[in-house]
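>>> Quick one, fold the following:
(chains A and B)
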Number of protein chains: 2
Amino acid sequence: MIGDSEFDRDTAVTRRAPGVYDIDLSAGWTIINAVNGGYLLAVLGRALADTLPHPDPFTISAHYLTASHPGPAVIRAQTVRTGRTLSTGQASLYQYDDEGNEVERIRVLASYGDLTTLPDDVRTTATPPPIPPLDQCFGAQDGPTPIEGSSAITDRLMLKLDPATLGWALGAPSGKGEMRAWFGLADGRDADPLSLLLAVDALPPTAFELGLKGWVPTVELTVHVRRRPAPGPLRVSITTRNLAGGFLEEDAEVWDTDGHLVAQSRQLARARLT
Amino acid sequence: MIGDSEFDRDTAVTRRAPGVYDIDLSAGWTIINAVNGGYLLAVLGRALADTLPHPDPFTISAHYLTASHPGPAVIRAQTVRTGRTLSTGQASLYQYDDEGNEVERIRVLASYGDLTTLPDDVRTTATPPPIPPLDQCFGAQDGPTPIEGSSAITDRLMLKLDPATLGWALGAPSGKGEMRAWFGLADGRDADPLSLLLAVDALPPTAFELGLKGWVPTVELTVHVRRRPAPGPLRVSITTRNLAGGFLEEDAEVWDTDGHLVAQSRQLARARLT
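Predicted coordinates for the structure are as follows:
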């Protein structure tokens, strides 16, 4: 299934020249009119996997500069350093303004390795987040009619939210900076390191449970991919410790069905305090 | 005191040309022979503060490429984007090999703003870490004679460790991925956003409390500075959830004496599992 799915087709980059890739950003991964930041990170992750000698993003840091829109974009990627077990690269995604000038949307730095070469040991006792079974969680399909044109991305995700973090949808946010869900791709594509970059940025913002409304634009997002995920739905838990001064962090953990912590991420986002 | 201290002198960069800075990396901030990663981040942070129109690092992501040594280095910094409230920049630090070729040590991406312009509100209920009072914590000065030449940095820090996370030093690591300490600069210089970049990477590695020994080299470190710290010693708490496959993350929180969460960081580091 991996390789021939919506996610694979919509993140496919075409090499125009060494380190230069064309991509048509799909309108299928938008929230309102903005292209989802996790989808964009996956697109850049694919370009870097092609540029670097190692296949998997071990740690990838993205600074979001301007809002991306569906349509053509170009990625420029370069190798910064090549090592035996890790290599480091940099990439930027550009779109065009009305005069045809390139406008940079995102810049990333990343260190890649090969997850299949890592030893299998886990030396900590962290446990998966307390999410009820999938059939006791709720998705967009379970709610009232969606707002027209609101979020194309919801059609592409299997996202089932923990009822304990759904208060915001009922007008009663919990006041806690927590959001938890089961996550998968709607067409059943299994998870891989690339789709983990999407998973960490696909849930509603924790700010909703903290009583805020509106867009929470990402300033910077760093993802650590720690292990190849097992097939099956992922559990994603997002927490916010510090909403202050108009910014908040979102920490995500992603667990696979085998009970392994497969990815961790943190982002700094702006909060609209009005 | 800020501006004329060891930390200020040893992080001072000299602009050679626009975006090009010389620095002599001080031997005073080494652990064994390696220059501390937080000190290096502060050096790069100063260069970026000079290059960008905003003064404070809101989020700075560093990928560590090769080990830095005391001695001359050059920094090349550039502006990526300038906005009203945030600007983004990139910088690299280089040293020289035996043939005089530049070798890149670290590359960073950062978004800067002005912490003094942020609203004062805190909307979360996170509390400072449970560290005993400073006089009940222990520093290098309180232990046996230090190993000669081991860590020059200990002379420059006021670092007092929570006895609950000191088991490793007594041969009885707790098995928990936790390290907590009071942190300051030995010469009494107050904390500022730049010294927070040092504070997050100055404690012994949590890996020691997980029973590992030896160096835990940083692959990537991202710091969010959330507020200007009040004068006085800082409380730093570091936690590790996931030591697996030869890597671990270290999450740091830094709290000031006013009870504000002033910085958060996460790093991915390699663990020597032998």
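>>> Lowest mean pLDDT among the helices and strands, pick that one out for chain A.
In chain A, the helix or strand scored least confidently by mean pLDDT, DSSP states H and E is strand A:30-31, which has a mean of 88.
>>> who touches it?
By CB atoms under 8 Å, 6 or more residues apart in numbering or on different chains, the surrounding residues in contact with strand A:30-31 are A:36, A:70, A:150-153. Quick note: C-beta positions are derived from backbone N, CA and C, even for glycine.
>>> Show me which pair in those residues is furthest apart.
Within the contacts of strand A:30-31, A:Pro70 and A:Ser150 form the most distant pair, 14.9 Å apart (CB to CB).
>>> When the two are compared, which one has more neighbours?
Set A:Pro70 next to A:Ser150 and count neighbours by other CB atoms under 10 Å in any protein chain shown: A:Pro70 wins out with 17 against 12.
>>> residues in contact with the more buried one?
By CB under 8 Å, 6+ apart, the neighbours of A:Pro70 are A:25-27, A:30, A:35.
>>> surely A:Pro55 meets A:Leu48?
No. Look at A:Pro55 against A:Leu48 with CB atoms under 8 Å: they stay out of range, at 10.0 Å.
>>> list residues touching both of those two?
A:Tyr112.
>>> Compare those two (neighbour count), which wins?
The neighbour comparison of A:Pro55 against A:Leu48 (other CB under 10 Å) goes to A:Leu48, with 30 against 15.
>>> Give the next helix or strand downstream of the host helix or strand of the more buried one.
A:Leu48 is part of helix A:37-51, with elements assigned from DSSP states H and E. Downstream of helix A:37-51, the first helix or strand assigned by DSSP H and E is strand A:56-64.
>>> Which strands or helices does the next helix or strand after that next one pack on?
Proceeding N to C from strand A:56-64, the next assigned helix or strand is strand A:71-82, under DSSP H and E. The contact analysis (3 or more CB pairs under 8 Å, 6 or more residues apart in numbering or on different chains; DSSP states H and E) places strand A:71-82 against strand A:20-25, helix A:37-51, strand A:87-96, strand A:102-113, strand B:102-113.
>>> and the second one, does that touch chain B?
No. Applying CB under 8 Å from any CB of the partner chain, one finds helix A:37-51 out of contact with chain B, separated by at least 12.4 Å.
>>> Between strand A:102-113 and that helix, find me the angle.
Here helix A:37-51 runs at 70 degrees with respect to strand A:102-113, directions being taken by axes from the mean of the first three to the mean of the last three CA atoms, to 10 degrees.
>>> Can I get helix A:37-51 as PDB, trimmed to CA atoms?
Provided in PDB are the C-alpha atoms of helix A:37-51 (Å, rounded to 0.1, in the frame of the first residue of the first chain):
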ATOM      1  CA  GLY A  37       2.300  22.100   7.900                       C
ATOM      2  CA  GLY A  38       2.800  18.400   8.500                       C
ATOM      3  CA  TYR A  39       2.000  17.600   4.800                       C
ATOM      4  CA  LEU A  40       4.500  20.300   3.800                       C
ATOM      5  CA  LEU A  41       7.100  18.700   6.100                       C
ATOM      6  CA  ALA A  42       6.600  15.300   4.500                       C
ATOM      7  CA  VAL A  43       7.100  16.900   1.000                       C
ATOM      8  CA  LEU A  44      10.400  18.400   2.100                       C
ATOM      9  CA  GLY A  45      11.300  15.100   3.900                       C
ATOM     10  CA  ARG A  46      10.900  13.300   0.600                       C
ATOM     11  CA  ALA A  47      13.100  15.700  -1.300                       C
ATOM     12  CA  LEU A  48      15.800  15.300   1.400                       C
ATOM     13  CA  ALA A  49      15.600  11.500   1.400                       C
ATOM     14  CA  ASP A  50      16.400  11.800  -2.400                       C
ATOM     15  CA  THR A  51      19.200  14.200  -1.800                       C
END
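>>> List the buried residues in it.
For helix A:37-51, the neighbour count (16 or more other CB atoms under 10 Å in any protein chain shown) marks A:37-49, A:51 as buried.
>>> I figured A:Ser92 was touching A:Leu109, is that so?
No. Applying CB under 8 Å, one finds A:Ser92 not in contact with A:Leu109, separated by 10.4 Å.
>>> higher neighbour count, the two?
A:Leu109 (25 against 20).
>>> what does the model give the more buried one for pLDDT?
Per-residue pLDDT puts A:Leu109 at 98.
>>> so what's it up against?
Taking CB under 8 Å, 6+ apart, we find A:Leu109 in contact with A:60-61, A:80, A:88-90, B:61, B:63, B:107-109, B:220.
>>> Report the beta-bridge partner residues of it.
Per DSSP bridges, the residues bridged to A:Leu109 are A:Ser61, A:Gln90.
>>> Report the separation between it and B:Lys160.
Relative to B:Lys160, A:Leu109 is positioned 34 Å away (CB to CB, to the nearest Å).
>>> And the residue of chain A most remote from its centre, which helix or strand is it part of?
Most distant from the centre of chain A: A:Glu99, at 30.8 Å, with distances by CA atoms, centre = their mean. When elements are defined using DSSP H and E, A:Glu99 is found to belong to no helix and no strand.
>>> For burial, what's the neighbour tally of A:Pro53?
Neighbours of A:Pro53 (other CB under 10 Å): 13.
>>> And it, how far from chain B?
Separation of A:Pro53 from chain B (CB to the nearest CB, to the nearest Å): 15 Å.
>>> these two touch, right, that residue and A:Ser87?
Yes. At 5.4 Å, A:Pro53 counts as touching A:Ser87 under the criterion of CB under 8 Å.
>>> Leaving out sequence neighbours, find the closest residue to A:Thr59.
Nearest non-adjacent residue to A:Thr59, counting by CB to CB, 6 or more residues apart in numbering or on different chains: B:Glu220, 4.2 Å away.
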